[in-house]
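>>> Sequence below, structure please.
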Amino acid sequence: MASFFTLVRKHGLKLALTTFLGIAASYAVIYGGILILFLIFLMMIGGVASFEDSLTPEAMFGFGVIGIILLILAYLVIIAVSYLVQSFTMGGIYGMGKEVLLENRSEIGTFFSQGFRYMWRLTGQYLLFCLCWAPLYFFMIFPFAIASELIGEWVVFILLPFLAVFFFLVMALFLHAPAILVRDDLRVLESMKRTFRLFFSSSFGSVCLSTLLAGVAGLVVNVAFLLVAGLIIGFCILLQFLVHEGFVVLTMVAGIPLGLAYMVIVLPLSMAVACLLILYRYERIRPNDLPQAA
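This next block holds a predicted model:
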């Protein structure tokens, strides 16, 4: 297997652009669905308002209750779709990363095929992890609230490192679980068992280090771009003050392509690099008794 940096140099740009296309398509579906629901709701309001005078107060109350129920259902549908979109994106990124690691090639179609293939499984995995961690989350939050009321708000700063460690461990699980499911092509429960087995074993240090390195890798990509963008914008602002105020147009013109570059390339690249690093390191600590070409 090639080195991590070699893989990023060879496939990084395609990973970034494909991730952007996948995210953009996903959110287009979400916002399109929200727009359709909103238009249907407006049509319903308009229909009720057209014969409002002929309705009794009881009928108006009934329509109000139905409207509230429909709003709640629409909200739940939007949440469910957002989970599916998140799972589709993670499945696509990790599926394409798996192709990069095992075959040293990357195809745009892989993102979408793997995203749809693992979307439902990753959604189920995410929901089960939420059910597992929700009690622990409240068990961590309630002591903070009680200590803050009884002792004072300053105690929160003392307990804050423990909360930070807790969230870091949760993040480590949430990053590795989809990678393990996709890499080994597992069902939801099997992927959870293997994730916990990896987490509570001698590989615990490697899992934490992978999470830390993934965060640093994503941060480095973003910071590097922001430094370059800051220098360009800063130079334009300097021209505006030292030469002529008309250079404010140049500042705005320079900001548009920089913003597009960040949304289209840099942000997706940081996500793809972080996920690829998780997969790359998992390949090294993956149990030897598992099939090598899952």
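>>> Any stretches of the stretch 151-294 of the chain with poor pLDDT?
Applying pLDDT under 70 to the stretch 151-294 of the chain flags residues 151-156, 242-250, 287-294.
>>> if we go to 90?
Low-confidence segments of the stretch 151-294 of the chain, defined by pLDDT under 90: 151-175, 191-206, 229-265, 267, 283-294.
>>> could you pull out the helices for it?
Taking DSSP state H, counting those that start in this stretch to define them, one finds helices in the stretch 151-294 of the chain at 154-184, 188-199, 204-242, 248-261, 267-285.
>>> Of all those helices, which one is nearest residue 75?
Residue 75 sits nearest to helix 154-184 of all the helices of the stretch 151-294 of the chain, at 23.6 Å, using C-beta to C-beta. Backbone N, C-alpha and C define where each C-beta goes, glycine included.
>>> Please name every helix or strand in contact with the closest one.
When contacts are defined as 3 or more C-beta pairs under 8 Å, 6 or more residues apart in numbering; DSSP states H and E, helix 154-184 packs onto helix 57-103, helix 108-150, helix 188-199, helix 204-242, helix 267-285.
>>> Most tightly packed of those?
For these, the largest average neighbour count (mean count of other C-beta atoms under 10 Å) is found in helix 267-285, namely a mean of 22.
>>> Run the chain-centre distance for it.
How far helix 267-285 lies from its chain's middle: 14 Å, per C-alpha atoms, centre = their mean, to the nearest Å.
>>> what angle separates that helix from helix 188-199?
Following axes from the mean of the first three to the mean of the last three C-alpha atoms, to 10 degrees, one obtains 70 degrees for the angle between helix 267-285 and helix 188-199.
>>> which strands and helices sit next to helix 267-285?
Against helix 267-285 (3+ C-beta pairs under 8 Å, 6+ apart) you get helix 4-50, helix 57-103, helix 154-184, helix 204-242.
>>> Which of the ones you listed sits closest to residue 110?
Residue 110 lies closest to helix 57-103 among those, at 4.9 Å (C-beta to C-beta).
>>> Now do that closest one against helix 4-50: the angle between them, please.
Note on geometry: by the same axes, to 10 degrees, helix 57-103 and helix 4-50 are set 170 degrees apart in direction.
>>> Can you tell me, leaving aside adjacent residues, what's nearest to the residue most central in space within the chain?
Nearest to the geometric centre of the chain sits residue 86, at 6.0 Å (C-alpha atoms, centre = their mean). Counting by C-beta to C-beta, 6 or more residues apart in numbering, residue 86 lies nearest to residue 126, which is 7.3 Å off, once chain neighbours are set aside.
>>> Next, the contact list for that neighbour, please.
Counting by C-beta atoms under 8 Å, 6 or more residues apart in numbering, residue 126 makes contact with 83, 86-87, 174.
>>> Now do the closest residue to residue 118 other than its chain neighbours against residue 276, distance only.
Leaving aside its sequence neighbours, residue 118 sits nearest to residue 91 (C-beta to C-beta, 6+ apart; 3.4 Å). Distance of residue 91 to residue 276, computed by C-beta to C-beta, to the nearest Å: 14 Å.
>>> can you check residue 4 too?
From residue 4 over to residue 276 (counting by C-beta to C-beta), the distance is 7 Å.
>>> Report the separation between residue 281 and residue 166.
With C-beta to C-beta as the criterion, residue 281 and residue 166 are 22 Å apart.
>>> And residue 86, by the same measure?
Between residue 86 and residue 166 the computed distance is 22 Å (C-beta to C-beta).
>>> What of residue 239?
Taking C-beta to C-beta as the measure, residue 239 falls 49 Å from residue 166.
>>> can you check residue 108 too?
For residue 108 relative to residue 166 (C-beta to C-beta), the value is 38 Å.
>>> What's the per-residue pLDDT of the nearest residue to residue 95 once chain neighbours are set aside here?
For residue 95, ignoring the flanking residues on the chain, the nearest one in space by C-beta to C-beta, 6+ apart is residue 114 at 2.3 Å. Listed pLDDT for residue 114 reads 93.
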